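*Asks:* Sequence first, predicted model second:
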Amino acid sequence: MSPKKTPKEPDSSAEEKAIEERVKQMLDPSIPDKKPKKAPFEVIKDEPTDTAPETAPEVSDEALKAPIKIALKDDFDDKPDGESKDESTTEPENSTPPEADESEETEPESSDQKEEPASKETAPETEDQPENDDQAKTQAENDDDVAIQLDDEDNPNLKTVAEASAGESSTQAAETPSDDTGETDEAVKDIQAKDSDELLKAQDEEVAIAFDDEKPGLKTKLANFFRGWWNNKWARYITIILLVLGLVAAIALPISRYFLLNLVGVRSSASITVLDESTRQPLRNVEVTLRGQSETTDENGFVELNQLKLGKTELVIERRAFAPIVETITIGWGSNPLESVNLRPVGVQYAFDVTDFLSDEPIEKAEAISGEYSAYSDEEGYILLTVDDTSIESIEVSIEHPEYSEEQVTITANDDTEQDIAMVPARKHVFVSNRSGTYDVYKIDADGQNEELILEGTGSERDDIVVVPHPDREMVAVVSTRNNIRNDDGFLMSTLSVIDIETGEVDEAAEAERIQIVGWHDDHLVYVRIAAGASAANPSRHRIIGFNYDTLNYSELARSNYFNDVSMLGERVYYAPSSAYQSESVKLQSIRADGSDNQTVLDKEVWAIFRSDYEKVTLSASQEWYDYDFSNGELDQLDGEPADPRSRVYADNPDGTHSAWIDRRDGQGVLLVRDIEEGNEDTLLTMPGLRTPLRWVNNSTIIFRVNTEAETADYAVSLLGGEAVKITDVTSSSGIDRWYHY
């Protein structure tokens, strides 16, 4: 037997080109075959099959992919109905298969090969154990692909292509050496898969365009962009890190920090105090401008501007007769309290020395005002007023202070003489005088100046007229018989009149057989009245009333046949009803001036209330005695009667820091003043005939009465020092005094 001929090694480049042309011809029958044809396709199919495998090789997943992709060509073809499929990819149903390529033909067998035909026993062995495993696997996959395609009844054109492919694969398997066949089939498979993928991709794009008529909008594009950005871990992390670093850098730099804060709406405020450089006193009505906003300073030279943008800005401070200030400042986050500034005066200055008329002590914070110009006094009472109008011959200046009456002064222009100003309390003193033959009510300054009639008498007044001014307001209550009204028994009725001291307006609040004023608290006047025409046996004959002079409303606080005692202690009214003609037991009670918060102090009938100290009273209850501290509600029973039970009548100054009362010692009146916070008392003045009523006209000036054989007059004295000064002669009248019984 002669040895086998070794097949000639084919040229790789020529072989690849031939394969490529063959595949194109397989996929497009319209391409003419360039090589000479041999036997028809049927001859190959009639060759002996003793070498074919008895069973079909198993179909792999990879083998299924290519035919399936080719089959989709018809399914997604977008040609109109009625038109044929692409004829370039299929053959007519009854066409003759293309002849086998000469290059596919195997070399002639040698004589030795003809003499030793393969037996039936060795054929399967040769089929199961090919010379090249990859070749056998590729051939089996291709055969399976063709078989699967032939089974597809719905794709006749594809079936034709598959038949051609299967026939050619069979011929190739029979005629081509094993190593060449594997490489060729693998290349064919790769080309088919690539062409199918490109075809499907084009079809997918056409389908997507068909179903998406409109282009994506900006919102969709942005959403897709951010979705892609967020799904990219590194892009997301890097972006966040850059943002954080940028924010930190922006915050670290003042310019960028303030820009960002202003951008998000953060606003700040700034405040400043402006002083007069020459006196170091605050300047009022100075214009301060920041960020386009302007405000003027108050009486303390203070101004605050709000809703300011942050960052550098220009501060402008201006006032006539003073050199302006312009400087650059930075408004930061927060309140920005700026340092006080001193304005330098550049105009003409006028000097004043302001003191209290009683004590001759300097008055601080008095203000000199001339038009738009003003200046405050220092702790020495010194004022230096600066103006810039030098064309006038004289200047009008008013000196003002909250506790003192306004003083007017005229100064010749360019007069550098210091002006002495003695100021008197702002509140007017009220008194009664019958020098005209009737009991008239007047108001007057504490220095005896500017007297004015506010309630003219009618000639019907008895001499028991009562005058009770409000402790800190310009109101006064007057009880008199001025209206000449009598009851059925001919008894002259009393009238309660409430007078506005500033305007002179009079309101007649009540009429009764008898009216006794208990006291003032805020906007309420508390008094007791006896019902007109009622019999002595009436259990409601006496009534305690709270009168609101602002709203002209009345509140009945309590009623009884009569009251053993009534007293105003602090903000509450304490009352002790009598048990006469009462069906229920009586007790000591307290209530507010507006009728609220009624409380029981002692569950017994109290006969008398003695104010023994500023915050304490002594209670007489039958044969028992009690000490009651009304500041904390403590009640203690005493062992026996006090040695000298007397009641004090205290009068508090407007700001509640001091209280005054009058005692009698060694036959003289003694005026004592208590420091409420400290709790100590000092004797301010001792005079014969010194007595009540007492009244404060400011926080340091007390007015008291002197009643002797020589005179009945009202005097003024100051806590600051100095001698008592007579104001004017008066007619004796009563004020708030000890409770009296009817």
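*Replies:* It's in. Numbering: from 1, shown residues only.
*Asks:* make it CA atoms for all contacts and neighbour counts henceforth
*Replies:* Noted.
*Asks:* pLDDT score assigned to residue 206?
*Replies:* The per-residue pLDDT reported for residue 206 equals 65.
*Asks:* Can you list the helices and strands that the strand or helix carrying residue 601 packs against?
*Replies:* Taking DSSP states H and E as the definition, residue 601 sits inside strand 599-602. Judged by 3 or more C-alpha pairs under 8 Å, 6 or more residues apart in numbering; DSSP states H and E, strand 599-602 is in contact with strand 588-592.
*Asks:* Just the buried positions in the strand it packs on, please.
*Replies:* 588-592 (16 or more other C-alpha atoms under 10 Å).
*Asks:* Nearest to residue 316 among the residues you listed?
*Replies:* Nearest to residue 316 among those: residue 592, at 53.4 Å, using C-alpha to C-alpha.
*Asks:* which one is the closest one nearest to, not counting chain neighbours?
*Replies:* Among residues not flanking residue 592 along the chain, residue 572 sits closest, at 4.7 Å (C-alpha to C-alpha, 6 or more residues apart in numbering).
*Asks:* now swap in residue 335 and tell me
*Replies:* residue 269 (4.9 Å).
*Asks:* Kindly provide the distance from that neighbour to residue 299.
*Replies:* 20 Å (C-alpha to C-alpha, to the nearest Å).
*Asks:* Comparing the two, which shows the higher neighbour count?
*Replies:* Neighbours were tallied for residue 269 and for residue 299 using other C-alpha atoms under 10 Å; the higher tally belongs to residue 269 (19 against 16).
*Asks:* partners of the strand holding residue 601 in the sheet?
*Replies:* In the sheet, strand 599-602 lines up against strand 588-592 (antiparallel) (DSSP bridges).
*Asks:* Report the contact partners of the residue nearest to residue 335.
*Replies:* Shown in contact with residue 269 (C-alpha atoms under 8 Å, 6 or more residues apart in numbering): 304-308, 331, 334-336.
*Asks:* give me the element it is part of.
*Replies:* Using DSSP H and E, residue 269 maps to strand 268-276.
*Asks:* Show me which positions of that strand end up buried.
*Replies:* Judged by neighbour count (16+ other C-alpha under 10 Å), strand 268-276 contains these buried residues: 268-276.
*Asks:* Following that strand in sequence, what is the next regular element?
*Replies:* Heading C-terminal from strand 268-276, the first helix or strand you meet, by DSSP H and E, is strand 287-290.
*Asks:* coming back round to it: what is the nearest of the buried residues of strand 588-592 to residue 367?
*Replies:* Nearest to residue 367 among those is residue 592, at 39.8 Å by C-alpha to C-alpha.
*Asks:* Contact partners for the closest one?
*Replies:* Taking C-alpha under 8 Å, 6+ apart, one finds 571-573, 598 in contact with residue 592.
*Asks:* Next one: residue 324 from residue 349, what distance?
*Replies:* Shown here: residue 324 relative to residue 349, a distance of 17 Å by C-alpha to C-alpha.
*Asks:* So those two - more neighbours on which side?
*Replies:* Higher neighbour count among residue 324 and residue 349: residue 349, with 17 against 14, using other C-alpha under 10 Å.
*Asks:* Tell me if the more buried one really is in a strand.
*Replies:* Yes: counting by DSSP: H, G, I helix; E, B strand; the rest coil, residue 349 is located in a strand.
*Asks:* Name the nearest residue to it, sequence neighbours excluded.
*Replies:* Distances taken as C-alpha to C-alpha, 6+ apart place residue 386 nearest to residue 349, at 4.3 Å, with adjacent residues excluded.
*Asks:* again with residue 708
*Replies:* Distances taken as C-alpha to C-alpha, 6+ apart place residue 689 nearest to residue 708, at 5.3 Å, with adjacent residues excluded.
*Asks:* show me the contacts for the one you found.
*Replies:* Neighbour list for residue 689: 668-669, 705-708 [criterion: C-alpha under 8 Å, 6+ apart].
*Asks:* mind checking how far it is from residue 736?
*Replies:* Applying C-alpha to C-alpha to residue 689 and residue 736 gives a distance of 18 Å.
*Asks:* likewise residue 446?
*Replies:* From residue 446 to residue 736 the distance is 21 Å (C-alpha to C-alpha).
*Asks:* same question, residue 610
*Replies:* Counting by C-alpha to C-alpha, the gap from residue 610 to residue 736 is 14 Å.
*Asks:* burial count for the residue nearest to residue 543 when sequence neighbours are not counted?
*Replies:* Nearest non-adjacent residue to residue 543, counting by C-alpha to C-alpha, 6+ apart: residue 559, 4.3 Å away. Residue 559 has 18 neighbouring residues, counting by other C-alpha under 10 Å.
*Asks:* Next: residue 671.
*Replies:* Neighbours around residue 671, by other C-alpha under 10 Å: 22.
*Asks:* In contact with residue 640, which residues?
*Replies:* Going by C-alpha under 8 Å, 6+ apart, residue 640 touches 624-625.
*Asks:* Which among the contacts of residue 269 count as buried?
*Replies:* For the contacts of residue 269, a burial check counting by 16+ other C-alpha under 10 Å picks out 304-305, 308, 331, 336.
*Asks:* Pipe the residues you listed into a markdown table and attach secondary structure, distance to residue 228 and pLDDT per row.
*Replies:* Shown next, in a markdown table, are these (DSSP: H, G, I helix; E, B strand; the rest coil; distance: C-alpha to C-alpha, whole Å; pLDDT from 0 to 100):
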| residue | secondary structure | distance to residue 228 | pLDDT |
| --- | --- | --- | --- |
| 304 | strand | 52 | 95 |
| 305 | strand | 49 | 93 |
| 308 | strand | 42 | 90 |
| 331 | strand | 43 | 88 |
| 336 | coil | 47 | 91 |
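*Asks:* Just name the closest of those residues to residue 633, please.
*Replies:* For the buried ones among the contacts of residue 269, the closest approach to residue 633 (C-alpha to C-alpha) belongs to residue 304, at 45.3 Å.
*Asks:* surely that closest one meets residue 272?
*Replies:* Yes: under the criterion of C-alpha atoms under 8 Å, residue 304 makes contact with residue 272 at 6.7 Å.
*Asks:* wait, isn't residue 496 in contact with residue 509?
*Replies:* Yes: using C-alpha under 8 Å, residue 496 is in contact with residue 509, at 5.4 Å.
*Asks:* Which one of the two is surrounded by more residues?
*Replies:* Shown here are residue 496 and residue 509; by other C-alpha under 10 Å, residue 496 has more neighbours (24 against 17).
*Asks:* element containing the more buried one, please.
*Replies:* Assessed by DSSP H and E, residue 496 sits inside strand 494-500.
*Asks:* From the contact counts, what lies against that strand?
*Replies:* Checking 3+ C-alpha pairs under 8 Å, 6+ apart, strand 494-500 ends up next to strand 475-480, strand 506-512, strand 514-521.
*Asks:* how does it look with 7 Å?
*Replies:* Packing contacts for strand 494-500, counted by 3 or more C-alpha pairs under 7 Å, 6 or more residues apart in numbering; DSSP states H and E, involve strand 475-480, strand 506-512.
*Asks:* ok, it: who's next to it in the sheet?
*Replies:* Sheet pairing for strand 494-500, assigned by DSSP bridges, gives strand 475-480 (antiparallel), strand 506-512 (antiparallel).
*Asks:* returning to what we had before: looking at the helices and strands packed on strand 494-500, which is nearest to residue 391?
*Replies:* That would be strand 475-480 among the helices and strands packed on strand 494-500, by C-alpha to C-alpha, at 45.0 Å.
*Asks:* Residues in contact with the closest one: which ones?
*Replies:* With contact meaning C-alpha atoms under 7 Å, 6 or more residues apart in numbering, strand 475-480 is reached by 461-462, 465-470, 494-501.
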